[in-house]
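**Student:** have a look at this prediction, sequence included:
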Amino acid sequence: MKLLSWFAELSIVLLLCLTNLNPASGNRPFRPNIIMILADDMGYQDVGFRGSDILTPNLDRLAKDGVILENHYVMPQCSPTRSSLMSGRHAIRTGFWHGNIKPREEWGLRLDETTMTEMLKRNGYATHGIGKWHCGLYTWQHTPAQRGFDTFFGLYLGSQGYFSHKNSGSLDFREDFYDKDKKFVDNMRADLNGKYNTNLFTDRAISVISEHDSSKPLFMYLSYTAPHGPIEAPKDEVKQFSKHMTKSDKKRKEYAAMVSIMDRGIGEVVDALEQHGMRDDTLIVFSSDNGGVFGGPASNYPLRGGKKSLQEGGVRAVSFVNSPLLKKTGYTNTNLHHVTDWYKTFQGLARDMPEQAEKYQHTLDGFDIWDSISNNGSSGRTEVLLNMRVSSMVNKKAPEPVYVPDSDYNQAKTSISLDDDTVEGKDFDFFVIRKDNWKLFSGSYVKQAWTNKNGMERKKNGKADKNGKTGTGIKLYNLDSDPRETRNVADSNPDVVKMLMSKLADYEAEMTWIGNRRSSQDGTKSGKWYPWVTLA
């Protein structure tokens, strides 16, 4: 009888194990811990495993022991990438095809979008956001702790001083959480003034790991502001991390230190996972939100262009995955992937059933790429819409809650840096898409040149040329033979051009109307940033 009982117990265990595996999806793990790390404006070449002179030993080790994602596409700017990551939906659906959210602007990721964190939380995950949000702050409902995060530690806006933690002269560094009575608390951290924010984000990540309740799976969104401008780093660490860079200028050395400090922090986070017995059941994803700023100290070599452009240097991000849960590691994966794919992939790992969820989930644009990243199987993706703009989709009444109802508000000019401006001009349209090895540009779009190894060093009239020029017309590139986008082969491949252009109508039908971009004089109070609109 004892033997039969033992076999019965073993059968139950095996059944439970099989229940938690999905053969069609490469025998995926059941609700692993997920650490999503996002760098900000990091150059494609600015890691050691791509031959950079910047010191990134931890990223190098994780990439080489994991899977390097060679064709991982993002949007060309911060907010569009982050909104696509959080929603699993392309910017043409969420309204972020128009560019970044600027300070004081009254829009954000729509409240009817089910965020990645809301999805994971309903499946039992503890959810923690650290660093940069940049998906909306004009109402409290748009802020991260009310979009599915249990806690948030960082900034709502798109950038800040690394020591002052201020944007446009006002503080934007907060710790958000829910108290024992489940009351939302927004705690402004003025006491952290003078402390380098990259280190603060790392320390918070380590704290989250050390205090994590192991009965729940963990999702941590570690969204560093590094190496986004302003280019700032502790002077002693600039010297430490750049003493070998004898041919680089001051800004390049400061930028290098910013990347190396982030790299060191990521290594410390991985060490914390190991110390607390979580490493074996954790998936780590690393990506930049877009390429390095063209004309700045970053390098997107050998790719063309940088941030704001839809050329490869702007939208093909340095990226990798690392986990003991991956079946095949130590290679470069060349499948097509897009930032929207992470939502669908994490949804599969969480065993989410959206049809049973209380909140309706819109159609996702991403693919479940677990088999691709874990076993070098197919990603299921053969094309990536890089972005498009259709002027007829602007100036129409947008459905709530993209904007507040028509009400009194004051127009105000907001001080922003060039690299935080909109992707495109106000009056021209474009359509840029990659399918298989073909990449098509049509309309009018930002055109930038090529970058140098270990520093862009692009000059125009003695000054850095950050914006590039306007390109027009049809251009077609074969990325297999011409990854640097040097030879327009549209004239010799009219059938390919016709095939790609035929996709425009379908994508346009899926676009979301947006209202005029508008900003307010509100947003700051007593030298601190706060939401300023109350939704009815």
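**Tutor:** In hand now; what should we look at? Numbers count the residues shown, from 1 in each chain.
**Student:** the stretch 401-536 of the chain: helices as residue ranges?
**Tutor:** Ranges of helices in the stretch 401-536 of the chain, per DSSP state H, counting those that start in this stretch, are 494-501, 504-509.
**Student:** who touches the shortest one?
**Tutor:** Going back to what we said before, that points to helix 504-509. Contact with helix 504-509 is made by 92, 385, 388, 390, 431, 433, 442, as judged by Cβ atoms under 8 Å, 6 or more residues apart in numbering. (C-beta placed from N, C-alpha, C; glycine too.)
**Student:** and the least confident of those?
**Tutor:** Lowest pLDDT within the contacts of helix 504-509 is found at residue 390 (84).
**Student:** which ones are touching that residue?
**Tutor:** Residue 390 neighbours (Cβ under 8 Å, 6+ apart): 429, 508, 511.
**Student:** ChimeraX command for the buried members of the residues you listed?
**Tutor:** Remark: buried members of the contacts of residue 390, expressed as a ChimeraX selection using 16 or more other Cβ atoms under 10 Å:
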select :429,511
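**Student:** tell me which of the contacts of residue 390 is nearest to residue 195?
**Tutor:** residue 511 (42.8 Å; Cβ to Cβ).
**Student:** just give the nearest non-adjacent residue to that closest one, would you?
**Tutor:** Using Cβ to Cβ, 6 or more residues apart in numbering and skipping residues adjacent in sequence, the residue nearest residue 511 is residue 92, 4.7 Å away.
**Student:** now do the residue nearest to residue 326 when sequence neighbours are not counted, the pLDDT please.
**Tutor:** Distance criterion Cβ to Cβ, 6+ apart; nearest residue to residue 326, sequence neighbours excluded, is residue 374 at 4.7 Å. Listed pLDDT for residue 374 reads 98.
**Student:** from what I see, residue 374 and residue 325 are in contact.
**Tutor:** Yes - applying Cβ atoms under 8 Å, one finds residue 374 in contact with residue 325, separated by 7.1 Å.
**Student:** comparing the two, which shows the higher neighbour count?
**Tutor:** Between residue 374 and residue 325, residue 374 has the larger neighbour count (other Cβ atoms under 10 Å), namely 23 against 17.
**Student:** could you measure from the residue nearest to residue 511 over to residue 80?
**Tutor:** Distance from residue 92 to residue 80, counting by Cβ to Cβ, to the nearest Å: 10 Å.
**Student:** which residues do these two both contact?
**Tutor:** By the contact definition Cβ under 8 Å, 6+ apart, residue 92 and residue 80 are jointly contacted by residue 387.
**Student:** which helices and strands does the longest helix along the chain pack with?
**Tutor:** Ranked by number of residues, the top helix in the chain under DSSP state H is helix 250-275. Contact partners of helix 250-275 among helices and strands, from 3 or more Cβ pairs under 8 Å, 6 or more residues apart in numbering; DSSP states H and E: strand 33-39, helix 57-65, helix 197-210, helix 235-242, strand 282-288.
**Student:** could you redo the ones you listed as a markdown table and give each row mean pLDDT and mean neighbour count?
**Tutor:** Formatted as a markdown table, the helices and strands packed on helix 250-275 follow (pLDDT from 0 to 100; neighbours: other Cβ atoms under 10 Å):
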| stretch | mean pLDDT | mean neighbour count |
| --- | --- | --- |
| strand 33-39 | 98 | 24 |
| helix 57-65 | 98 | 19 |
| helix 197-210 | 98 | 20 |
| helix 235-242 | 98 | 16 |
| strand 282-288 | 98 | 24 |
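**Student:** and stretch 444-452, which residues are buried?
**Tutor:** Buried residues in stretch 444-452, counted by 16+ other Cβ under 10 Å: 444, 445, 446, 447, 448, 449, 450, 451.
**Student:** can you list the residues you listed in a markdown table and add pLDDT?
**Tutor:** Listed next are these as a markdown table, based on pLDDT from 0 to 100:
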| residue | pLDDT |
| --- | --- |
| 444 | 88 |
| 445 | 86 |
| 446 | 86 |
| 447 | 87 |
| 448 | 91 |
| 449 | 90 |
| 450 | 89 |
| 451 | 81 |
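**Student:** ok, those vs residue 500, which is closest?
**Tutor:** residue 445 (14.7 Å).
**Student:** settle this for me: the closest one is touching residue 433, isn't it.
**Tutor:** No - under the criterion of Cβ under 8 Å, residue 445 lies out of contact with residue 433, with a separation of 11.9 Å.
**Student:** picking up where we left off before, so what does the residue nearest to residue 511 have for phi and psi?
**Tutor:** Dihedral angles of residue 92 (phi, psi; degrees, to the nearest 10) stand at phi -70, psi -20.
**Student:** surely it is in contact with residue 388?
**Tutor:** Yes - using Cβ under 8 Å, residue 92 is in contact with residue 388, at 6.3 Å.
**Student:** tell me the residues that contact both of those two, please.
**Tutor:** 507, 511.
**Student:** quick one: closest of the helices of the stretch 401-536 of the chain to residue 32.
**Tutor:** Comparing the helices of the stretch 401-536 of the chain by Cβ to Cβ, helix 504-509 comes nearest, at 33.7 Å.
**Student:** check which residues of the closest one are buried.
**Tutor:** residue 504.
**Student:** and it, how far from the chain's centre?
**Tutor:** Distance of helix 504-509 from the chain centroid (Cα atoms, centre = their mean, to the nearest Å) equals 25 Å.
**Student:** going along the chain, name the strands of the stretch 51-200 of the chain.
**Tutor:** Using DSSP state E, counting those that start in this stretch, the strands of the stretch 51-200 of the chain run over 67-73, 126-132, 151-155, 166-167, 170-171, 174-178, 184-188.
**Student:** counting contacts, what elements does the second one pack onto?
**Tutor:** Strand 126-132 makes packing contacts with helix 116-121, strand 151-155, helix 197-210, strand 218-223 when contacts are defined by 3+ Cβ pairs under 8 Å, 6+ apart.
**Student:** redo those as TSV? Include distance to residue 39.
**Tutor:** As requested, the helices and strands packed on strand 126-132 are exported to TSV (distance: least, Cβ to Cβ, whole Å):
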stretch	distance to residue 39
helix 116-121	18
strand 151-155	14
helix 197-210	10
strand 218-223	9
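**Student:** identify the bridge partners of residue 477.
**Tutor:** Listed beta-bridge partners, residue 477: residue 439 (assigned using DSSP bridges).
**Student:** just the pLDDT for residue 532.
**Tutor:** Listed pLDDT for residue 532 reads 96.
**Student:** can you check residue 429 too?
**Tutor:** Predicted confidence (pLDDT) for residue 429: 89.
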